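Enquirer: Got a predicted structure plus its sequence, pasted below:
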Amino acid sequence: SADPNALTSSGMGCLHFLARLEPGDDPKVIARYQLTLKKFLQLGADVNQRNVNWVTPLHEAAVSRASVAVKFFIQNEGDVHRKTRISKETPLQYAMRPNNRTVIT
């Protein structure tokens, strides 16, 4: 079986890629997106998996302004205090950047 925590050569996991997506406003699409995220967690994907720069899926969601993913990861024990390797920023700090604030409203 496939490893849900496998990383690409650039150090990205499946949840990192999914975190970049914003499903829009359609409730059916949102529900399918959340179901996909949930399925990966059920398969053992680590919600706090770090890439090579210690960026987690929650960081990716915050910087991508993907509010559905941000909420999902926080509800599923995504660590809002985990810092990146280089900038030492948390997902909350990513979300507080001027262009990203929509994810915290």
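Expert: Structure's in. What do you need?
Enquirer: Next, residue 29: phi, psi?
Expert: Taking degrees, to the nearest 10, you get phi -70, psi -40 for the backbone angles of residue 29.
Enquirer: these two touch, right, it and residue 21?
Expert: No: taking Cβ atoms under 8 Å as the contact criterion, residue 29 and residue 21 are not neighbours in contact, 10.1 Å apart. Quick note: C-beta positions are derived from backbone N, CA and C, even for glycine.
Enquirer: Looking only at neighbour counts, state which of these two leads.
Expert: Comparing residue 29 with residue 21 by other Cβ atoms under 10 Å, the one with more neighbours is residue 21, at 16 against 12.
Enquirer: which non-adjacent residue is nearest the more buried one?
Expert: residue 66 (6.1 Å; Cβ to Cβ, 6 or more residues apart in numbering).
Enquirer: hang on, isn't that neighbour packed against residue 20?
Expert: Yes: Residue 66 lies in contact with residue 20 (Cβ under 8 Å); the separation is 6.4 Å.
Enquirer: what is in contact with the two at once?
Expert: Residues touching both residue 66 and residue 20 by Cβ atoms under 8 Å, 6 or more residues apart in numbering: residue 60.
Enquirer: okay, now residue 97: neighbour count?
Expert: Residues near residue 97, counting by other Cβ under 10 Å, number 13.
Enquirer: For it, list the residues it contacts.
Expert: residue 63.
Enquirer: Can you tell me how far it is from residue 52?
Expert: 21 Å (Cβ to Cβ, to the nearest Å).
Enquirer: and the gap between residue 81 and residue 21?
Expert: On the measure of Cβ to Cβ, residue 81 and residue 21 end up 24 Å apart.
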